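S.K.: sequence below, structure please.
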Amino acid sequence: LFRVARPRDPFKSKQLEKGLQELGEEGAIQVFQATINNNLLLGAVGVLQFEIVAQRLATEYEVDAIYDAASISTARWLTYPDEATRRDFEREQAAALATDVDGNPVFLATNKYNLQVTMERWTKVGFHTTREHGQRPRQIRGGDQQHHLGLVAHAEGIDRGRQPASRHDPDAFALEQPAD
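M.R.: Numbers count the residues shown, from 1 in each chain. The predicted model follows:
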């Protein structure tokens, strides 16, 4: 489930942002910021999770927020094999992009068909269903070309014994064990 969060009192925008940032960092809810309009988007597995976050925002941050339905079906964390692919993808898909609380790039699909078509069109881009909590994007150098990997650096994946990711991103590593 996804919701757009906005404060009932516009003067409480900073408190809402701070509260959601902290709640997102502790893992209480997934928080995304839309790239185009900077809307704060919340992702949860159920309605109860939204209710808990709303209660915590009201008591801990003194923010009364409004949670509007969002036309988002699913989110995928992104990895790019190179800077040119990242630029081209971001240019074409700008309306569907956001960042999570750690600054990782995320694709927000309106439905499964939209996700499928985008994945088929952008075979070099990695679309990941999960990411490690607290993981921040990083820049690494591969040969003479700079790579922007939104999730994990190649060396970290080897050190932790991860399996190579799907065909969508051979330089990234899967964040979950593949199903046998």
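S.K.: can you tell me which helix or strand of the chain has the lowest average pLDDT?
M.R.: Here the helix or strand of the chain ranked lowest by mean pLDDT, DSSP states H and E is helix 154-159, holding a mean of 26.
S.K.: which strand or helix spans the closest residue to Leu40 other than its chain neighbours?
M.R.: What sits nearest to Leu40 in space, not counting adjacent residues and going by Cβ to Cβ, 6 or more residues apart in numbering, is Ala5, at 4.6 Å. (Glycine included, C-beta is placed from N, CA and C.) For Ala5, the host element (DSSP states H and E) is strand 2-7.
S.K.: ok, that strand: who's next to it in the sheet?
M.R.: Strand pairing for strand 2-7, using DSSP bridges, gives strand 40-43 (antiparallel), strand 65-69 (antiparallel).
S.K.: now do that strand, average pLDDT.
M.R.: Per-region confidence: strand 2-7 scores 94 on mean pLDDT.
S.K.: then it to PDB, C-alphas only?
M.R.: Provided in PDB are the C-alpha atoms of strand 2-7 (Å, rounded to 0.1, in the frame of the first residue of the first chain):
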ATOM      1  CA  PHE A   2       1.200   3.500  -0.800                       C
ATOM      2  CA  ARG A   3       0.100   6.900   0.500                       C
ATOM      3  CA  VAL A   4       1.100  10.500  -0.100                       C
ATOM      4  CA  ALA A   5       1.700  12.300   3.200                       C
ATOM      5  CA  ARG A   6       1.200  16.000   3.700                       C
ATOM      6  CA  PRO A   7       0.800  18.000   6.900                       C
END
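S.K.: distance of the residue sitting nearest the centre point of the chain from Gln30?
M.R.: Closest to where the C-alpha atoms of the chain average out (Cα atoms, centre = their mean) is Val106, at 3.6 Å. Val106 sits 9 Å away from Gln30, going by Cβ to Cβ, to the nearest Å.
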